[in-house]
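> quick check, what structure comes out for this input:
(one chain, ligands or ions: 2)
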Amino acid sequence: MPVNDENKTLTILGSTGSIGTQTLDVCRMHGYKVKALTANSSTDLLEKQAREFHPETVCVMNEGAYADMKERLADTGIKVTCGKEALCETAAIPVDMVINAVVGMVGLEPTLAALNAHNRVGLANKETLVTGGELVKAAEKSNNVDIVPIDSEHSAIFQSLMGNSQNKIEKIILTASGGPFFGYTKDMLRGVTMEQALHHPNWSMGRKITTDSATLMNKGLELIEAVRLFDVTPEQVEVVVHRQSILHSAVEYEDGAVIGQLGVPDMKIPIQFAVTYPRRLPSCSRKLSLFDVGTLTFERADEETFVCLAEARGAIAKGGTAPTVLNGANEAAVAAFLDGKIPFYRIGELVSACCAAVRYTAEVTLGTINDADRAAREYVDKEIQKGE
Ligand code: NAD
Ligand code: MG
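Numbering: from 1, shown residues only. Ligands and ions are numbered 1, 2, ... in the order given. Now for the predicted structure:
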């Protein structure tokens with residue numbers, strides 16, 4: 001029987017990015033109404049999206065972009081807002097689902113604003129859970145609204161848990177592509193270029209997460225994300241390098257049964273599932289042919305070379321604001337790498353040094369999170385200046 005899904009309303013935070021544009025592809029296919037769009041700045045793409053989807057509100061984060069965006073949309077009647085407070089207000093507009101597809105810890109407060117307004121959240125923005133996982137889970141519970149993960153691994157775990165609420169999770173198998181530098185030694189990593197780092201073998205994504213995939217920090221952030229989302233210990237999460245990105249992750253139960261989700265690597269599948277959950281609808285994604293794939297391989301990650309993954313384990317073991325320090329260091333180091341200020345191998349070094357040097361607190365509030373984030377970024381920026 002066809003599902004009547006076309007009356008759904010969505011807000012998309014970070015609509016011009018990789019996840020944002022793919023979310024709009026899903027909206028276009030199923031006729032979802034888009035209530036609000038947000039992006040960092042005013043761009044041709046944001047204007048085009050606004051003209052196509054006619055949202056009520058368009059919010060730009062960068063205050064300098066406000067006048068330009070307002071002028072671009074002057075003939076449309078669309079309300080234009082700007083800044084962080086406006087981003088949170090946008091997340092709180094009543095809708096069936098807020099898709100959080102912004103990049104970085106800036107996504108935390110809008111996630112909380114959405115949940116506190118009783119909006120369901122489709123969460124791609126993993127930094128939200130890494131830095132403010134406890135706050136987000138508390139807001140989810142107190143407001144009695146769902147967070148549905150969009151990150152492909154967490155969507156796979158979420159799907160593998162469906163129908164199993166009575167059953168204890170023995171272990172989560174978190175798969176990793178291994179990134180472009182799988183098998184490299186520390187020495188080899190010293191010579192890699194930005195172009196190589198930004199060339200992911202299986203997924204086409206934004207520049208920050210593509211860099212995180214190359215350092216394996218992405219898997220570190222996802223390990224913390226899994227601990228937060230599924231209430232397991234870090235020891236229960238096993239990272240497995242699976243070069244083909246076909247098994248998107250799995251859950252092992254007490255009886256030894258392992259239930260996983262497979263599919264082609266295409267983010268539109270988990271994005272659409274977040275919106276249609278618990279139902280499934282036809283999609284425009286390619287179907288999986290196991291004959292075409294042929295072989296699935298599974299290997300261990302080299303955490304001595306890819307130190308970011310080991311640092312993420314250390315941070316979640318410490319708890320409190322330690323994951324925020326890790327994340328802040330990484331955001332600052334990756335931004336410097338993408339600006340051409342530091343070579344690739346320095347990202348891991350800076351993250352390790354920052355995690356060892358910057359204080360963290362056991363207490364987790366928005367205040368302590370912001371303080372830890374600021375301290376980590378300042379530490380990394382100073383270290384980079386020293387090295388210049
Ligand atoms: P992206 O860089 O392609 O897009 C980011 C979006 O956020 C853009 O619309 C940009 O304008 C907006 N933005 C950037 N900085 C901002 C700021 N300071 N304030 C407000 N908005 C800002 O990123 P992406 O690859 O789409 O990733 C988005 C999030 O989803 C990340 O947390 C990433 O880890 C996660 N994710 C992405 C993928 C993927 O396939 N791209 C897969 C899994 C998870
Ligand atoms: Mg992922």
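
> contact residues of the stretch 151-300 of the chain facing ligand 2?
Within the stretch 151-300 of the chain, the positions near ligand 2 by CB under 5 Å from the ion are D151, S152, E153. Backbone N, C-alpha and C define where each C-beta goes, glycine included.

> looking at these, spot the one nearest ligand 1.
Closest approach between these and ligand 1, by CB to the nearest ligand atom: D151, at 4.4 Å.

> in JSON lines, list the residues of the stretch 151-300 of the chain next to ligand 2 along with neighbour count and secondary structure.
Shown next, in JSON lines, are those (neighbours: other CB atoms under 10 Å; DSSP: H, G, I helix; E, B strand; the rest coil):
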{"residue": "D151", "neighbour count": "26", "secondary structure": "coil"}
{"residue": "S152", "neighbour count": "23", "secondary structure": "helix"}
{"residue": "E153", "neighbour count": "28", "secondary structure": "helix"}
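
> OK, contacts around the closest residue to ligand 2 within the stretch 151-300 of the chain?
At 4.2 Å from ligand 2, D151 is the closest residue in the stretch 151-300 of the chain, using CB to the ion. Contacts for D151 (CB atoms under 8 Å, 6 or more residues apart in numbering) come out as L123, A124, K126, E222, E225, P270.

> kindly recompute the last result at 6 Å.
Contacts of D151 were listed using CB atoms under 6 Å, 6 or more residues apart in numbering, and they are K126.

> is stretch 127-140 in proximity to ligand 2?
No - interface with ligand 2: stretch 127-140 contributes nothing (CB under 5 Å from the ion), its closest point being 12.2 Å away.

> need the pLDDT of the spatially closest residue to M188 that is not a sequence neighbour.
Distances taken as CB to CB, 6 or more residues apart in numbering place F181 nearest to M188, at 7.4 Å, with adjacent residues excluded. At F181, the model reports a pLDDT of 98.

> next up, phi/psi of the closest residue to ligand 1 within the chain, please.
Scanning the chain for the residue nearest ligand 1 gives G17, at 1.8 Å (criterion: CB to the nearest ligand atom). Dihedral pair for G17: phi -90, psi -170, per degrees, to the nearest 10.

> what about it, distance to N125?
Relative to N125, G17 is positioned 10 Å away (CB to CB, to the nearest Å).

> so between these two, which is more surrounded?
N125 (27 against 23; other CB atoms under 10 Å).

> wait, that one sits on I99?
No - under the criterion of CB atoms under 6 Å, N125 makes no contact with I99, lying 9.3 Å away.

> spell out which parts of this protein neighbour ligand 1.
Neighbours of ligand 1 within the chain, by CB under 6 Å from any ligand atom: 14-20, 39-40, 61, 101-104, 106, 124-127, 151, 203, 205-206, 208-209, 267.

> buried subset of the residues you listed, written for ChimeraX?
The ChimeraX selection below is limited to those of the residues of the chain next to ligand 1 classed as buried (16 or more other CB atoms under 10 Å):
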select :14,15,16,17,18,19,20,39,40,61,101,102,103,104,106,124,125,126,127,151,203,205,208,209,267
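
> pull the contacting residues for R377.
Here R377 is in contact with G328, A332 (CB under 6 Å, 6+ apart).

> which SSE is it in?
helix 366-387 (DSSP states H and E).

> ok, now P270?
helix 268-276.

> strands of the stretch 101-250 of the chain, residue ranges please.
120-123, 147-149, 169-176, 237-241, 247-253 (DSSP state E, counting those that start in this stretch).

> out of those strands, which is the most enclosed?
Neighbour counts (mean count of other CB atoms under 10 Å) averaged over each of the strands of the stretch 101-250 of the chain peak at strand 120-123, with a mean of 26.

> so is it next to ligand 2?
No - Strand 120-123 stays out of contact with ligand 2 when judged by CB under 5 Å from the ion, the minimum separation being 11.8 Å.
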